[in-house]
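Novice: Pasting the sequence and the predicted coordinates here, then a few questions.
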2 protein chains.
Amino acid sequence: MAKPAVPICPVARTLDVIGARWTPLILRDLLLHGAQRFQDLQNSLVSIAPTTLSDRLKTLERHGIVERRFYSEHPPRAEYVLTRKGRELGPVVRAMREWGEKYKD
Amino acid sequence: MAKPAVPICPVARTLDVIGARWTPLILRDLLLHGAQRFQDLQNSLVSIAPTTLSDRLKTLERHGIVERRFYSEHPPRAEYVLTRKGRELGPVVRAMREWGEKYKD
């Protein structure tokens, strides 16, 4: 049976957007700290490769979860912020945090 | 900076357990349908390789999220059920479902 391009199951649809390694941690940083520059995210995630971070941010932009906002024109400098659709992923990250706080071992 | 064996961030700790591809969908099936045989999960997840499913279930067992329950001794037949610790991941899967239901595109 061919896999549909967009999954029918809503859990699978969400995983298509946030299921990749690192992505929930990027969302965590944007939810917790608001607008973040690329370098802020790089510093927070330490061992993420810059190409991976760039790839994840592009995917999130394409899905309308984050948007780039320019805070300087000369030179052009951008930061990443969650859209409304992105902020609505807050309950997913919060539920992960609550479980991780309960089970520390 | 070396990455700690067990992450300090509770979101990262949860991802260490459920972050792998397919794992949230295995949890979804166990939450939704209760005890499942290996073949039930295989049928539901269609395109998962049996070795991957086996690997994911072993990881979940090791973390105390699922346990095997024998429902027949001759021949030995097992099914997988969520532990209490596993059922407490319900809010994570539910939050994913709610977001996926809202954003169908």
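Specialist: Cool, the structure landed.
Novice: Any regions of chain A where pLDDT drops low?
Specialist: In the predicted model, chain A carries pLDDT under 70 at residues A:1-4, A:105.
Novice: So which bits of it are right by chain B?
Specialist: Residues of chain A found near chain B (Cβ under 8 Å from any Cβ of the partner chain) are A:1, A:3, A:6, A:9-15, A:19, A:21, A:24-25, A:28, A:46-47, A:85, A:88-89, A:91-105. Any C-beta I mention is one placed from the backbone N, CA and C, and that applies to glycine too.
Novice: ok now the helix or strand hosting A:Thr14, how far from the chain's centre?
Specialist: Assigned by DSSP states H and E, A:Thr14 belongs to helix A:10-18. Taking the mean of its C-alpha atoms, helix A:10-18 sits 13 Å from the chain's own mean (Cα atoms, centre = their mean, to the nearest Å).
Novice: Alpha carbons only: can I get it in PDB?
Specialist: C-alpha atoms of helix A:10-18 as PDB (Å, rounded to 0.1, in the frame of the first residue of the first chain):
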ATOM      1  CA  PRO A  10      -3.200  13.500  12.800                       C
ATOM      2  CA  VAL A  11      -0.400  12.200  15.000                       C
ATOM      3  CA  ALA A  12       1.600  11.200  11.900                       C
ATOM      4  CA  ARG A  13       0.800  14.600  10.300                       C
ATOM      5  CA  THR A  14       2.400  16.400  13.300                       C
ATOM      6  CA  LEU A  15       5.400  14.100  13.300                       C
ATOM      7  CA  ASP A  16       5.900  14.900   9.600                       C
ATOM      8  CA  VAL A  17       6.500  18.500  10.700                       C
ATOM      9  CA  ILE A  18       8.300  18.100  14.100                       C
END
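Novice: immediately after it, which helix or strand?
Specialist: Next along from helix A:10-18, by DSSP H and E: helix A:23-33.
Novice: Go through the helix holding A:Thr14 and flag the buried ones.
Specialist: Buried residues in helix A:10-18, counted by 16 or more other Cβ atoms under 10 Å in any protein chain shown: A:Pro10, A:Val11, A:Ala12, A:Arg13, A:Thr14, A:Leu15, A:Val17, A:Ile18.
Novice: Which secondary structure element is home to the closest residue to the first one other than its chain neighbours?
Specialist: Once its chain neighbours are removed from consideration, A:Pro10 has its nearest residue in B:Gly100; the separation is 3.0 Å (Cβ to Cβ, 6 or more residues apart in numbering or on different chains). According to DSSP H and E, B:Gly100 maps onto helix B:90-102.
Novice: Packing partners of that helix?
Specialist: helix A:10-18, helix A:90-102, helix B:23-33 (3 or more Cβ pairs under 8 Å, 6 or more residues apart in numbering or on different chains; DSSP states H and E).
Novice: at 10 Å instead, please
Specialist: helix A:10-18, helix A:90-102, helix B:10-18, helix B:23-33 (3 or more Cβ pairs under 10 Å, 6 or more residues apart in numbering or on different chains; DSSP states H and E).
Novice: Specify the angle between the third one and helix B:23-33 in degrees.
Specialist: Put simply, helix B:10-18 runs at 80 degrees to helix B:23-33, going by axes from the mean of the first three to the mean of the last three Cα atoms, to 10 degrees.
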